[in-house]
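Asker: Sequence and computational prediction follow.
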Amino acid sequence: MKKVLAALLVIVLVLVAFISSRPAKFHIERSTSIAAAPEAVYGRIVNFHQWAEWSPWEKLDPTMKKSFSGAESGTGAVYDWSGAGKVGQGRMTVTEAQPPSKVIIRLEFIKPFTATCVTTFDVVPEGSGSNVVWTMDGDNDFMSKAMGLFMNMDKSVGGDFERGLGQLKTVAESAPASPITPDSTAAARPS
C-alpha cells in the first residue's frame, strides 16, 4: 500500500510540475482583409452598440442581457453582458481609441470563470480597404494552465475571432458605417 501511495504522490508531483511549467501568458491573434475604408470598419468596433451586427457571441444566447454605460462610443464605453452557457457573464471597457486605427478593450470574464484580458483591434489601411488584426492577451494561472492540457484556447477562441471577423467583413462591405465624429470617440459621460 505504501508503494502505491508513493507512486501516486510522484505522479501528482510530476503533473503539478508539468502544469506549472506551462506558459504564464497567452496570445491569440487572427486577421482578415476587408474591402471597406478603415473609418467604416473602426466605427463598427469602437461602438459597442454595433457589435450585435458582427460579434460571434451575440447569437449564442438570444436571452442574453446586455447593458451599456459610460461613453456612448470610444474611450470609456462599457458593455456588460450576462447569459447562459458559453456566453457567461462579463464586461468590456474601451480603454483606448485611436481613430481610425486602434481600439484597446479591457475584457473581464466574471462567470463561469474569472479572468481579465486585453483585446486589441488594429485597423490598417490596405489599398482601398483595411486589414483588421484582432488579438487577445492575458495571463495563465495554474487552473488555466491545467485546462490548457485538455482544451486548445487558441483554436477555441481563435475560431470565434475568425467567425467574428468574417461577420465584420460581411457587414462592413455591405453597408456604410456611422461616420466617426470627434464626439463619437470622446469619453463624455451621459447626464
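Answerer: Structure's in. What do you need? Residues are numbered from 1 along each chain as shown.

Asker: Looking at stretch 67-83 now, give me its mean pLDDT.
Answerer: Averaging pLDDT along stretch 67-83 yields 96.

Asker: how long is that stretch from one end to the other?
Answerer: 12 Å (C-alpha to C-alpha, to the nearest Å).

Asker: What of stretch 19-28?
Answerer: This stretch, stretch 19-28, spans 20 Å end to end (C-alpha to C-alpha).

Asker: What are the buried residues along that stretch?
Answerer: Ile19, Phe26, Ile28 (16 or more other C-beta atoms under 10 Å). Any C-beta I mention is one placed from the backbone N, CA and C, and that applies to glycine too.

Asker: any idea which element the spatially most central residue of the chain lies in?
Answerer: What sits nearest the mean C-alpha location of the chain, by C-alpha atoms, centre = their mean, is Thr119, with 5.1 Å. Element membership for Thr119, per DSSP states H and E: strand 115-126.

Asker: One more: Val14?
Answerer: Val14 is part of helix 2-20 when elements are defined by DSSP H and E.

Asker: picking that back up, ok, the residue nearest to the centre of the chain - contacts?
Answerer: Counting by C-beta atoms under 8 Å, 6 or more residues apart in numbering, Thr119 touches Met92, Ile104, Ile105, Leu107, Trp134, Thr135, Met136.

Asker: same check, this time on Val94
Answerer: The contact partners of Val94, by C-beta under 8 Å, 6+ apart, come to Val46, Phe48, Ala71, Ser73, Gly74, Thr75, Gly76, Ala77, Val78, Val103, Ile104, Ile105.

Asker: for Ala97, which residues make a bridge with it?
Answerer: Val103 (DSSP bridges).

Asker: before we move on, the earlier item: would you mark the buried spots in the next helix or strand after the strand holding Thr119?
Answerer: Counting by DSSP H and E, the next helix or strand C-terminal to strand 115-126 is strand 129-139. By neighbour count on 16+ other C-beta under 10 Å, the buried set for strand 129-139 is Gly129, Ser130, Asn131, Val132, Val133, Trp134, Thr135, Met136, Gly138.

Asker: Neighbouring strands - and their directions - for strand 129-139?
Answerer: Using DSSP bridges, strand 129-139 pairs in its sheet with strand 25-34 (antiparallel), strand 115-126 (antiparallel).

Asker: for the shortest one, what is the average pLDDT?
Answerer: The average pLDDT within strand 25-34 is 94.

Asker: got it, and the longest one?
Answerer: Model confidence over strand 115-126 averages 96 on the pLDDT scale.

Asker: quick one: that strand to chain centroid distance?
Answerer: 8 Å (C-alpha atoms, centre = their mean, to the nearest Å).

Asker: try the first one
Answerer: Once both centres are worked out by C-alpha atoms, centre = their mean, strand 25-34 turns out to sit 10 Å from its chain's centre.
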